[in-house]
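Asks: what follows is a predicted protein model with its sequence.
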Amino acid sequence: MQQVDMNSSEFQAELEKTWRFVEKVNSQFGFVQHPMEDVNEGVAMGLARNRLMYGKRFCPCFMVIGKTKDEQNSADNRICPCKPAIEKEIPEDGKCHCGIFCTPEYATAEKQNSEIEEVVHQHSRGLTKEEATTLLSKEQLDGDELEALLEARELGMIDFTMLDVRELMEYKMGHIVGTDALVPTSQFYSAIEGQNDKKRGAVIVYCHTGSRSFQVQHAMKSLGFKQVGNLRYGIISFGGEVQRG
């Protein structure tokens, strides 16, 4: 198998051609590149490498099948821009499997999500109202994200109902400040009736480790609750304020 020296002038020249190829594909189909430069760089280098090794820009995210060119041509190898990406992945998911080709809408949303992640995990600033609304729509939340949402709710940017789905004894041992109601999993179907007026609003549920609340999340959706988020790893992952009693 031919080895490629990525520091060689040959590879660097092929990499330049690959970037021109990427620009041409974007122009032809109306795509844009992924907002994370590391994604684009890795894929572009893989395409350039495959071009030198196989003579074609085989997708670097999949194994190239076939030892000879005839075997490779007869195999169902993806050649960039591949048919599955153009016909299915990008229209349905907003990006190709490798991520270098995206719809403008996907790229914008991904960039916004990256900015939100930076805010909530590095605590560089508070969320904007738009960012808080976007974050609230996530189905699985971590402790930092919930803490940021509680702060945004306190500032009046967003509104949601937070439910503890553990048992009363667990609740008294310690619950998240800002919890609106206790809906014990053992009494779920009778207890959730008291929250029927929240079906059109946003609701966040949590338990000890995230398992019970994950089940409750899906049960609530089956009952007609439109927007239910889950604290993925439970109260044990939450670093914000907790109170007893």
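Replies: Cool, got the structure. Numbers count the residues shown, from 1 in each chain.

Asks: distance of the residue of the chain most remote from its centre from residue 4?
Replies: Outermost residue of the chain with respect to the C-alpha centroid, by C-alpha atoms, centre = their mean, is residue 70; its distance is 39.1 Å. When distances are taken as C-beta to C-beta, to the nearest Å, residue 70 and residue 4 turn out to be 22 Å apart. Where C-beta positions appear, they are placed from N, C-alpha and C, glycine not excepted.

Asks: coming back round to it: please, which helix or strand holds the residue farthest from the centre of the chain?
Replies: Of the helices and strands defined by DSSP states H and E, residue 70 is found in helix 69-74.

Asks: which residues touch that helix?
Replies: In this structure, residues lying in contact with helix 69-74 by C-beta atoms under 8 Å, 6 or more residues apart in numbering are 54, 55, 56, 58, 64, 65, 66.

Asks: one more time with 6 Å
Replies: Helix 69-74 is contacted from outside by residue 66, using C-beta atoms under 6 Å, 6 or more residues apart in numbering.

Asks: what do you get for stretch 97-113?
Replies: Residues external to stretch 97-113 that are found in contact with it (C-beta under 6 Å, 6+ apart): 31, 32, 34, 35, 39, 40, 43, 61, 89, 94, 95.

Asks: narrow those residues to those in strands?
Replies: Judged by DSSP state E, those include residue 32 as members of strands.

Asks: what's the closest of the contacts of stretch 97-113 to residue 180?
Replies: Lowest distance from residue 180 to the contacts of stretch 97-113 (C-beta to C-beta) belongs to residue 94, with 34.2 Å.

Asks: residues in contact with the closest one?
Replies: For residue 94, the contacting residues are 103, 106, taking C-beta under 6 Å, 6+ apart as the criterion.

Asks: for it, grab phi and psi.
Replies: Taking degrees, to the nearest 10, you get phi 90, psi -10 for the backbone angles of residue 94.

Asks: where does pLDDT dip in this protein?
Replies: Where the chain drops to pLDDT under 70, the residues are 1-2, 123-124.

Asks: one more time with 80
Replies: 1-4, 121-125 (pLDDT under 80).

Asks: report how many residues lie close to residue 61.
Replies: Applying other C-beta atoms under 10 Å, we find 16 residues neighbouring residue 61.

Asks: so how far is residue 84 from it?
Replies: Taking C-beta to C-beta as the measure, residue 61 and residue 84 are separated by 11 Å.

Asks: before we move on, what about residue 164?
Replies: When C-beta to C-beta is the yardstick, residue 164 and residue 84 sit 44 Å from each other.

Asks: higher neighbour count, those two?
Replies: The neighbour count for residue 164 versus residue 84, taken as other C-beta under 10 Å, is higher for residue 164 (23 against 14).

Asks: show me what the more buried one bridges to in the sheet.
Replies: In this structure, residue 164 has beta-bridge partners residue 182, residue 206, where bridges are defined by DSSP bridges.

Asks: next one: residue 33
Replies: In this structure, residue 33 has beta-bridge partners residue 101, where bridges are defined by DSSP bridges.

Asks: in the longest helix along the chain, what's buried?
Replies: With DSSP state H applied, the helix covering the greatest number of residues in the chain is identified as helix 9-29. Neighbour-count burial for helix 9-29 flags 11, 14, 15, 18, 21, 22, 25, 26 (criterion: 16 or more other C-beta atoms under 10 Å).

Asks: cheers, nothing more for now.
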